[in-house]
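[1] missing the sequence, but the structure's below:
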């Protein structure tokens, strides 16, 4: 039986350390594709575009990540495991700085994926034989600690309604659908309230996604929301020239809006909400009922 070489990290029956070259290879390809803006479809959070444009000495951060993964692959191929460990540790510590930066600003999903591949590579190199390295363990625990607020931030972003127009922190919110006849007057009336309201679109019909996309394009041109809503009725399909990444972002945002809307237990539009209060049109001869802190107050139906 051949004796195991001293430089081998692989423990019998435990191939985790052998995943390190694969993790580094995936990381290399991921960073190159992200640097070329090919992976925009996988980056659906609000911080993606912000960090895509960040450079250091004129080069995108993704190219530095690609270079680091490339050197890691070279060191592993040359069996320079000690140097590979140290480089992986430095990469994790550098990513800790980026995680802290994102925690204080906005989170980029692709950045989290790239950092996760650095952490996976370091984990395989340092703990592939169940050997505990205190420095590496401390660095990885710090990485996990800084990862947590970013995950909470993503969860909050994907579980908060997407506000198409108006202040995002507005006390008054209006859930509306482009295919809802009563919503035209509600949007027009709510657009004139002092302090502004948050307008949250929801797909009532399959064609609504095309109308909502058309509305956002009209709003970007400076048109008021009521006018954008009226003009959107002719757009019942998704534009052919819309990038796949943009379409995916719209679908995720509208799915979150739909889930939050359904939590109110109604399928009627429009729906106006405030802190602890919501009101929507209901079939009634005397007017709809609005709940406010457990009490019922009367409100006329929106025709």
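    That came in fine, so what should we check first? If you're wondering where the values come from, they're calculated on a predicted model, not measured in any experiment.

[2] Could you use CA atoms for every contact and neighbour count after this?
    Noted.

[3] immediately after the longest helix along the chain, which helix or strand?
    Looking across the chain with DSSP state H, the single longest helix is helix 134-159. Along the chain past helix 134-159, the next helix or strand (assigned with DSSP states H and E) turns out to be strand 173-176.

[4] What is that next one packed up against?
    Applying 3 or more CA pairs under 8 Å, 6 or more residues apart in numbering; DSSP states H and E, we find strand 173-176 packed against helix 183-190, strand 198-201, strand 271-274.

[5] hmm, back to that, give me the buried positions along the longest helix of the chain.
    136-137, 139-140, 143, 146-147, 149-150, 153-154, 157-158 (16 or more other CA atoms under 10 Å).

[6] what about the helices in the stretch 201-303 of the chain?
    208-220, 225-231, 244-262 (DSSP state H, counting those that start in this stretch).

[7] To residue 188, which of the ones you listed lies closest?
    helix 225-231 (5.4 Å; CA to CA).

[8] what's around residue 211, how many residues?
    For residue 211, the count of nearby residues is 26 (other CA atoms under 10 Å).

[9] now do residue 47
    18.

[10] Model confidence score at it, please.
    pLDDT recorded at residue 47 is 74.

[11] Might one say that it is in contact with residue 110?
    No: contact criterion CA atoms under 8 Å: residue 47 and residue 110 do not qualify, at 9.5 Å.

[12] still on that earlier bit, who are the neighbours of the longest helix of the chain, in terms of helices and strands?
    helix 81-104, helix 109-127, helix 244-262.

[13] and among the helices and strands packed on strand 173-176, the most buried is which?
    Most buried of the helices and strands packed on strand 173-176, by mean neighbour count (mean count of other CA atoms under 10 Å): strand 198-201, with a mean of 24.

[14] So which residues make contact with it?
    161-178, 187, 212, 254, 257 (CA atoms under 8 Å, 6 or more residues apart in numbering).

[15] Drop anything exposed from these.
    For those, buried by 16+ other CA under 10 Å: 161-166, 168, 172-178, 187, 212, 254, 257.

[16] out of everything not next to it in sequence, what's closest to residue 67?
    Of all residues not flanking residue 67 in the chain, residue 28 sits nearest, at 7.6 Å (CA to CA, 6 or more residues apart in numbering).

[17] Neighbours of that neighbour, how many?
    By other CA under 10 Å, 25 other residues sit near residue 28.
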